[in-house]
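Peer 1: coordinates for the following, if possible.
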Amino acid sequence: MGEAVVDGQRWLRVPVGPEGPQWSTRAGAARVLFVVHNVTSATRLLDVLPLFDADPRVQCLATCTGSSPYLHGVPELLADAGLPVLPWEQAVETPVDLAISASYGGELHEIRGKLAILSHGIGYNKRLPTPDTGHRTPDTGHRTPDTGHRTPDTGHWVPGSEPGPGPGQAPVFGLSPEWLLHDGEPVATATVLSHPEQLTRLRHACPPAARTAVLAGDPCFDRLLAALPHRDDFRRALGVATGQRLIVVNSTWGPRSLFGDTQDVLPWLLDSLVRELPVDGYRRCAVLHPNIWHGHGPGQVRAWLRHAQYAGLTVVPPLGPWRQVLAAADAVIGDHGSVTYYAAAIGTPVLLGAFPAQDLDPASPVAELGRTAPRLRPYEPLLPQLDALLAGHHPDRYAQLAALASSAPGTSAGLLRRTFYGLMGLSEPGLPAYLPRLLLPAHGGDPTAVPPATPLRAPLHVLTHLRDRRPAAPPEITVTRYADTGSGSFAHSDPPAAAYPSAPTPADHGAPQAVASHTAIHEDTPDSTRLPLADLVLHDSQPEPAAWAQEAMRRHRHCAMAACVTAPDTCLVRIPDGSLVTLTAAPGPDGRRDRCDPAVYASALYAWYERGRPLEDLLGGLTVMTGDAAHHLRVTITPPR
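Peer 2: You can find the predicted model right below:
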């Protein structure tokens, strides 16, 4: 794409500009301009970009208003999209057939063409000051009174039944004159809404803009709904093992969000996720609003979360597969952001860790979620709260709120394409409109990739319990591992009592065995001063695992064993006499490979060996329990040379 320098800026010469017709191959194509404010709004535009696929009559372009405080990451995203990018000054000088935005702000009224504006979240819910009015939400420190506003005859909340903003309150973003009008006229030619409840609020708050309203569903919600049948595939791709629960921590942006520092429950929450939840019983993922990433800087956000990552927290990148993670989740700890609402709308249990009602339109569905969903109780034990959340949840609990996500679930692609082509005055392509299916989370060097399981680099406090059931069955060892990130302001002195297995009953085979404990530490732990505490030294992906194990035993003479994960279902362990023990898990009942961390098997072997039991007694097999999941191991022994 050719460029020219105009007023110090590089303007495109092709496919637009005065020379565009001369140098373009398809000079007569209709122009569709995607107007980006920040990474958040761009992701919604990327949802609808495929609606113009396979139509050589259309030339897509992109620009950035430059009006958002969160411009970091936008140039890279636009470059990856591969569209010609116009500087804003050139964009407003270039006639287009259609412009599409997923946010307000900036000089949108200067665009030379018809403008369609979509929401970049779950409708319009938040109060947000406009840059030019200076309105601010008063930080009173008090919650909006939960008056209920129920209708007298049914006792149910009715969408749009709450009062409007009070004096001094910021306007509702996307549904107020401050955002929608310029010189008294609507900025948008088409204001795209996902549900009639938004239209009801729009008519009340800004009648002039109501005539531009178009009901066209929610493309993001549609893609999420279409992904739900693939939930088990997503869980496998994310490394969620049989019997594990996937807990997702989600935060929108702003000081009163879950990640924010107004209440600042984040340090306690991260500490509790690490210390209370057994690492083999739970997978933990964090999904953060792109404005957190690009407001504070990706490096800083990762630094804040680094110790939690060492202990097993998977952090989903800002452009990562958050919808696949949401579809796979067993529970979400969230706030007043759209992702938490989407989770509730697909039937996932949600626990609200922050919910600033004063920042929301009380007539919005998200505000009703805050009046309905259970609240996290900071500084109380987390695990019982999660257990109660999951035990007391019914999939239809949020059915009313799910119905408000979209009035046309599954059909937004056709509705949006019809709207866009109608605005351009073009006939639609003959092929059916569709939104691309969400694919399995990728792994590897891609910056949007999510690892199947974050390697555990924190020291592990391991509890084991042995039941020798021979000759009726192979020995069974229960292994429960907890990450130990060292002493901290929220540290628990002991693991939860529930972690300790009960002693065998008289019906059990074998004599009762007490709970034993040991410490397992990965050799690449960031804090190498902890390694002398290791009874079991771990590693993974070593090209010569046997040689590494021998060297590790020499380097760490205090440890009793060295174990290296050699495959997703296999671990090689060196014991003090130099023997090598290979532990391989049998496939699960579905015929798929066991997804448990094989380092667990090394801890089971340690428990057996520590009690003075002969290794040869395991040649008939070993069963390892993590939570409710049973892993059946094949044991082979290679004597020392």
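
Peer 1: point out where the stretch 201-350 of the chain drops to low pLDDT.
Peer 2: Across the stretch 201-350 of the chain, no stretch falls below the confidence threshold (pLDDT under 70).

Peer 1: show me where it has strands.
Peer 2: In order along the chain, the stretch 201-350 of the chain carries the following strands (DSSP state E, counting those that start in this stretch): 213-215, 245-251, 282-288, 313-316, 331-334, 350-352.

Peer 1: in which helix or strand does Leu572 reside?
Peer 2: With elements taken from DSSP states H and E, the one containing Leu572 is strand 570-574.

Peer 1: dump the strands of the stretch 201-350 of the chain to JSON lines, plus distance to Pro432 and mean neighbour count.
Peer 2: (C-beta placed from N, C-alpha, C; glycine too.) Compiled in JSON lines, the strands of the stretch 201-350 of the chain are given as follows (distance: least, Cβ to Cβ, whole Å; neighbours: other Cβ atoms under 10 Å):
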{"stretch": "strand 213-215", "distance to Pro432": "20", "mean neighbour count": "18"}
{"stretch": "strand 245-251", "distance to Pro432": "33", "mean neighbour count": "24"}
{"stretch": "strand 282-288", "distance to Pro432": "31", "mean neighbour count": "24"}
{"stretch": "strand 313-316", "distance to Pro432": "31", "mean neighbour count": "22"}
{"stretch": "strand 331-334", "distance to Pro432": "33", "mean neighbour count": "27"}
{"stretch": "strand 350-352", "distance to Pro432": "34", "mean neighbour count": "24"}
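
Peer 1: end-to-end on stretch 177-188?
Peer 2: Using Cα to Cα, to the nearest Å, the gap from the first to the last residue of stretch 177-188 comes to 12 Å.

Peer 1: hmm, who's touching that stretch?
Peer 2: By Cβ atoms under 8 Å, 6 or more residues apart in numbering, the surrounding residues in contact with stretch 177-188 are 104-105, 108-109, 115-117, 128, 130, 133, 135, 171, 173-174, 191, 205-206, 208-209, 211-212.

Peer 1: so which of the strands of the stretch 201-350 of the chain gets nearest Leu583?
Peer 2: Of all those, the one in closest proximity to Leu583, counting by Cβ to Cβ, is strand 282-288 (21.9 Å).

Peer 1: who does the closest one pair up with?
Peer 2: strand 245-251 (parallel), strand 313-316 (parallel) (DSSP bridges).

Peer 1: just send these back as JSON lines, with distance to Pro441 too.
Peer 2: Compiled in JSON lines, the strands paired with strand 282-288 are given as follows (distance: least, Cβ to Cβ, whole Å):
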{"stretch": "strand 245-251", "distance to Pro441": "12"}
{"stretch": "strand 313-316", "distance to Pro441": "9"}
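
Peer 1: can you give me the pLDDT of the nearest residue to Thr94 once chain neighbours are set aside?
Peer 2: The spatial neighbour of Thr94 that comes closest, neighbours along the chain excluded (Cβ to Cβ, 6 or more residues apart in numbering), is Val16 at 5.1 Å. Taken from the predicted model, the pLDDT recorded for Val16 is 95.

Peer 1: count of neighbours near Val16?
Peer 2: A count of nearby residues for Val16, using other Cβ atoms under 10 Å, gives 25.

Peer 1: report all helices and strands that the strand holding Leu572 contacts.
Peer 2: Under the contact definition 3 or more Cβ pairs under 8 Å, 6 or more residues apart in numbering; DSSP states H and E, strand 570-574 sits against helix 545-555, strand 561-567, strand 580-585, helix 599-610.

Peer 1: check the protein for its longest strand and report it.
Peer 2: In the chain, taking DSSP state E as the definition, the longest strand is strand 629-638.

Peer 1: restrict that one to CA atoms and write it as CSV.
Peer 2: The C-alpha atoms that make up strand 629-638 are tabulated as CSV, following Å, rounded to 0.1, in the frame of the first residue of the first chain:
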residue,chain,number,x,y,z
ALA,A,629,-10.1,-39.0,40.0
ALA,A,630,-8.4,-42.3,39.8
HIS,A,631,-5.2,-42.7,37.8
HIS,A,632,-4.1,-46.3,37.1
LEU,A,633,-0.3,-46.6,36.6
ARG,A,634,1.9,-49.1,35.0
VAL,A,635,5.2,-49.3,36.9
THR,A,636,8.5,-50.5,35.4
ILE,A,637,11.9,-50.6,37.2
THR,A,638,15.3,-50.3,35.6
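
Peer 1: which ones are touching Thr448?
Peer 2: Taking Cβ under 8 Å, 6+ apart, one finds Pro317, Leu319, Gly320, Pro321, Ala442 in contact with Thr448.

Peer 1: what's the ChimeraX line that selects buried ones from these?
Peer 2: The following ChimeraX selection, which keeps only the buried ones among the contacts of Thr448, applies the criterion 16 or more other Cβ atoms under 10 Å:
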select :317,319,320,321
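
Peer 1: ok, the contacts of Thr448 vs Ala99, which is closest?
Peer 2: Distance ranking of these against Ala99, using Cβ to Cβ, places Leu319 first at 23.1 Å.

Peer 1: and the closest one, how far is that from Val74?
Peer 2: Summarising the geometry, the distance separating Leu319 from Val74, computed by Cβ to Cβ, to the nearest Å, is 12 Å.

Peer 1: could I get the helices and strands packed on strand 570-574 as a markdown table with mean pLDDT, mean neighbour count and distance to Pro395?
Peer 2: What follows is those, written out as a markdown table (pLDDT from 0 to 100; neighbours: other Cβ atoms under 10 Å; distance: least, Cβ to Cβ, whole Å):
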| stretch | mean pLDDT | mean neighbour count | distance to Pro395 |
| --- | --- | --- | --- |
| helix 545-555 | 97 | 17 | 45 |
| strand 561-567 | 97 | 23 | 37 |
| strand 580-585 | 98 | 21 | 32 |
| helix 599-610 | 97 | 25 | 31 |
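
Peer 1: would you mind saying which of these lies nearest Arg306?
Peer 2: With respect to Arg306, and counting by Cβ to Cβ, the nearest of those is helix 599-610 at 20.7 Å.

Peer 1: perfect, that will be all.
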